[in-house]
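**Student:** Based on what follows, work out the 3D shape:
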Amino acid sequence: MRWVRYEGDGGAVFGIVEGDEVAEVSGSPFDEYERTGKRQALADVRLLIPFEPKTFYAAGVNYEEHVREAAVLLGREPDIPQKPDIGYRANNALISHGEAIVKPADSTERFQYEGELVVVIGKEAKHLSEEDALSCVLGYTIGNDVSERTWQAGDRTLWRAKNSDTFKPMGPWIETDVELDSLRTTVRINGEVVSDFATNNMVFGVETYISAMTRYLTLYPGDMIWMGTDGATQNMKVGDVCDVEISGIGTLSNPIASES
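**Tutor:** Model prediction:
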């Protein structure tokens, strides 16, 4: 099932994608819902971010090749994580499929994408084993963890480098029917492939992260976890279009615009 959130007559509404149409529902995928009977063409609705997260979690460096590429750029030995570490990002940075990523006027040329799998939590969870970890997952969507690398190297908390307005495109929908081992992430700039990797080839997988996190904190419906990216990333510039595709889920597409 694919859940979308879009602009309805009275504000944001949820819907279920069926072919090239959206069936509107009252309620949400995180609670009870029922169909309203209203249908629209998917192409005619303005998509919003698939949901407004309660807590925005982000995995640390979670792909070995990405760790090694970053170490080369920084001139240091690679430090492969020995345990899953979680961080946080800010909701202000979220934008939807199709919206423009705004490159700040004082940012450098090192303005880069990171195509990521996003785990959407659907049930309250605490003390889950790795075997039971996926029982709390509603589904998955796609994120682009836009990063200003010069700021990332200089700001201790990454507050600008990762959390500036528009730096976190997400969408276009939540897909509930996903086989993690079958997924592949492909990033394109202006139609040219610049990154391609097996999505589930993580240092620590979704199950490990959820189990480790729920040892100490409670996950709630509407929380999400961004799972990191692999490989080297390249610069984006104003006028580019960045597409992040994850097979079996969809494609998140956003143009790059200059700050007005």
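**Student:** Can you mark which positions in the host helix or strand of Asp243 are buried?
**Tutor:** For Asp243, the host element (DSSP states H and E) is strand 241-246. In terms of neighbour count (16 or more other Cβ atoms under 10 Å), strand 241-246 has its buried residues at Cys242, Asp243, Val244, Glu245, Ile246. The C-beta positions use only the backbone N, C-alpha and C, and glycine is treated the same way.
**Student:** now those in CSV, with distance to Thr229 and pLDDT?
**Tutor:** Output for the buried residues of strand 241-246, formatted as CSV (distance: Cβ to Cβ, whole Å; pLDDT from 0 to 100):
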residue, distance to Thr229, pLDDT
Cys242, 13, 99
Asp243, 14, 99
Val244, 9, 98
Glu245, 13, 98
Ile246, 11, 98
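**Student:** from the residues you listed, which single one is nearest Thr214?
**Tutor:** Nearest to Thr214 out of those is Ile246 (Cβ to Cβ; 24.4 Å).
**Student:** Next one: the residue nearest the centre of the chain from Glu69, what distance?
**Tutor:** The structure's the chain has its C-alpha centroid closest to Gly143; by Cα atoms, centre = their mean the separation is 2.2 Å. Using Cβ to Cβ, to the nearest Å, Gly143 is found at 19 Å from Glu69.
**Student:** mind checking the SS state of Thr141?
**Tutor:** In three-state terms, and counting by DSSP: H, G, I helix; E, B strand; the rest coil, Thr141 is strand.
**Student:** For it, which non-adjacent residue is closest in space?
**Tutor:** Leaving aside its sequence neighbours, Thr141 sits nearest to Val118 (Cβ to Cβ, 6 or more residues apart in numbering; 4.6 Å).
**Student:** Show me what Thr186 is bridged to.
**Tutor:** According to DSSP bridges, the residues that bridge with Thr186 are Asp196, Glu245.
**Student:** right, and it touches Ser195 too?
**Tutor:** Yes - the criterion here is Cβ atoms under 8 Å, and Thr186 meets it with Ser195 at 7.0 Å.
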